[in-house]
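1. Sequence below, structure please.
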Amino acid sequence: MATLDERPSGDAQAGPTAASPESETQDPSGWGAKIHSVRFRVVAAMLGMMLAGLITAGLVTFVVQFQESDARLDQALQDRANAVVKLVQTKKETSKDYANRTYISALHEAAEDIEPRSNEVMAGIVDGRVAWTVEGNGDNALLKNTMFADAAGLRNPAGVSFGELDSDGRPLRTVVLPMRGVTGTFLLVGRDAGDQREHNASTVQTYSLVALGMLSAAAVIGGMVAGRLLDPLRRMRETSRAVGPEDLTQRVEVRKGENDVTLLAKTFNTMLERLDDGAQQQQQFLDDAGHELRTPLTILRGHLELLTVDDPDDVTATRDVLLDEVDRMQRLVDDLLLLANSGDPGFIRREPVRIPELLDQVMEKVHVLADRNWQIDERADYVVDADPQRLTQALVQLAANAVKYTGPSSTIALGSRIEHPAADDGTSLPPQDTLLLWVRDDGIGIAAEDQQRIFERFGRAHTGRGGEGSGLGLAIVAAIAQAHGGMATVESEYGHGATFLIRIPLQSASVRV
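-> Numbering: from 1, shown residues only. Down below sits the predicted model:
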């Protein structure tokens with residue numbers, strides 16, 4: 001059955017989406033989990049978008065290409081037909097022999113002169129029948145009279161018509177020209193388009209194979225890349241399973257890179273570190289409380305067991321001992337709670353603090369602790385941003401500590417100053433002022449090997465200063481300094497006194513009073 005302008009569309013087909021390489025190694029029972037994994041979904045979404053893009057691009061490209069190739073073929077056929085007509089007109093004007101011939105006969109002779117190609121055919125049509133044909137390949141006729149009889153629609157008296165006939169299963173692309181002034185006479189030029197269509201089909205097949213190869217390669221590479229990018233998530237899952245109340249030391253191995261998943265793994269490790277720190281602080285608090293409360297509780301129990309209820313003097317003496325131990329336990333618990341809360345954001349409350357007034361207030365509080373030679377070495381006439389209550393607490397603690405290890409004729413001095421950074425310290429950081437506070441005494445001093453230990457909880461010096469107290473005072477001082485972003489240190493030589501220093505970097509430039 002002949003059709004008008006019937007062109008086969010290129011159907012760019014692609015193979016099935018390649019599965020992730022990892023799926024090939026999974027047992028059947030693991031397919032459900034694999035399909036719902038992030039890696040599988042990412043690779044599947046990528047392959048789906050690639051497949052849709054390849055199909056769309058292939059369809060558009062091949063449809064345009066096939067239309068253009070048919071248009072070029074139609075133009076070539078029309079040029080051949082025009083050449084035959086022009087040759088007839090030229091010979092009729094220049095040859096008397098042609099002038100006496102019928103138009104259809106002249107067309108036949110002109111067609112034979114032009115000689116169609118092996119895949120072409122020319123025919124003269126008169127009143128719907130084939131008057132003559134000139135085949136380019138005489139062994140196999142491309143055009144039969146019965147074929148054209150079923151294609152009456154190809155004959156358009158008003159102008160050129162293009163179409164396609166079925167020539168023994170092969171497409172025959174045709175152009176039909178009406179002869180002006182000769183009613184019912186047409187010139188047909190046709191060409192076998194089978195080779196062109198086979199070439200187009202081969203192009204589609206090649207494109208499909210290349211697209212399938214690209215999808216397969218994308219599946220393999222995408223699976224590897226997705227697996228590498230999502231590997232921190234897998235390690236986070238494994239680490240989360242390993243983390244428990246007994247073990248908070250597990251961490252996710254973070255590889256090089258700054259992508260979102262790697263940053264998430266780093267954040268996860270930071271969270272684990274905070275949990276670990278919190279658990280350690282909690283455990284340390286319990287250990288410290290149990291360690292320090294055991295002795296006063298033992299004392300309480302011992303006195304109660306030995307108490308003679310009928311002896312008023314014994315009851316009174318035991319009562320005084322018990323109250324003293326209860327007070328000591330209360331102070332110990334308060335200190336432990338203070339240290340436990342020292343890491344909270346609200347532990348310090350910053351406000352403008354006048355350093356000279358702060359030293360005067362501290363001196364007013366501490367000079368009644370004992371009969372010592374109290375003095376102030378230096379005052380920093382500045383206003384800084386800090387917590388005055390916590391700084392007062394730290395200085396009072398240092399002063400009380402100095403009282404314990406000095407005699408009545410000893411000197412205890414307080415001081416403060418602002419240390420300004422050097423003009424060029426060799427770093428790119430902005431200059432930052434530091435508040436320096438100190439308490440100095442001329443007591444027995446601290447050995448070098450003990451100077452770091454005394455700032456730890458329940459840390460005491462093995463020689464010299466270390467025989468009294470709960471061992472939490474200097475730890476509280478260090479915690480206050482750290483809460484301000486600074487540190488507490490000591491400068492001492494055993495037998496020649498000690499100077500306890502608190503260094504606090506100031507968040508903003510200091511202001512002179």
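2. SS state for residue 385?
-> Recorded secondary structure, residue 385: strand (DSSP: H, G, I helix; E, B strand; the rest coil).
3. Mind pulling up the pLDDT for it?
-> On pLDDT, residue 385 comes in at 90.
4. Residue 199: what's it in contact with?
-> Shown here is residue 199, which makes no contacts under the criterion C-beta atoms under 8 Å, 6 or more residues apart in numbering. All C-beta spots, glycine's among them, are computed from the backbone N, C-alpha and C.
5. quick one, phi psi at residue 54?
-> phi -70, psi -40 (degrees, to the nearest 10).
6. ok, it touching residue 211?
-> Yes. When contacts are counted by C-beta atoms under 8 Å, residue 54 is listed as touching residue 211 (4.5 Å).
7. Look at residue 304 and give its secondary structure.
-> helix.
8. how close does it sit to residue 313?
-> Relative to residue 313, residue 304 is positioned 16 Å away (C-beta to C-beta, to the nearest Å).
9. Residue 388 too?
-> In this view, residue 388 and residue 313 are 47 Å apart by C-beta to C-beta.
10. where do the strands sit along the stretch 251-400 of the chain?
-> Under the criterion DSSP state E, counting those that start in this stretch, strands of the stretch 251-400 of the chain are mapped to 351-354, 373-378, 382-386.
11. Ok, which of those comes nearest residue 275?
-> Counting by C-beta to C-beta, residue 275 lies closest to strand 382-386 out of the strands of the stretch 251-400 of the chain; the figure is 30.1 Å.
12. In terms of secondary structure, what does that closest one contact?
-> Applying 3 or more C-beta pairs under 8 Å, 6 or more residues apart in numbering; DSSP states H and E, one finds that strand 382-386 contacts strand 351-354, helix 355-366, strand 434-441, strand 511-512.
13. which parts of the longest one are buried?
-> Of the residues in helix 355-366, those with enough neighbours to count as buried (16 or more other C-beta atoms under 10 Å) are 355, 358-359, 362-363, 366.
14. Need those in a markdown table (columns: distance to residue 446).
-> Formatted as a markdown table, the buried residues of helix 355-366 follow (distance: C-beta to C-beta, whole Å):
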| residue | distance to residue 446 |
| --- | --- |
| 355 | 26 |
| 358 | 26 |
| 359 | 24 |
| 362 | 22 |
| 363 | 23 |
| 366 | 20 |
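15. got the CA coordinates for whichever helix or strand residue 413 is part of in CSV?
-> Assigned by DSSP states H and E, residue 413 belongs to strand 411-419. The C-alpha coordinates for strand 411-419 follow below in CSV (Å, rounded to 0.1, in the frame of the first residue of the first chain):
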residue,chain,number,x,y,z
THR,A,411,54.0,38.8,102.7
ILE,A,412,51.0,38.0,100.4
ALA,A,413,50.5,40.3,97.5
LEU,A,414,47.9,40.7,94.8
GLY,A,415,48.5,42.3,91.4
SER,A,416,47.2,42.8,87.9
ARG,A,417,48.3,44.2,84.5
ILE,A,418,47.4,44.1,80.9
GLU,A,419,49.9,42.4,78.6
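16. helices or strands next to it in the packing?
-> Secondary-structure packing of strand 411-419 (3+ C-beta pairs under 8 Å, 6+ apart): helix 355-366, strand 373-378, helix 388-404, strand 434-441.
17. Just the residues contacting that strand, thanks.
-> 355, 358-359, 362-363, 366, 372-380, 382, 384, 395, 399, 402-403, 406, 433-442, 503, 506, 510.
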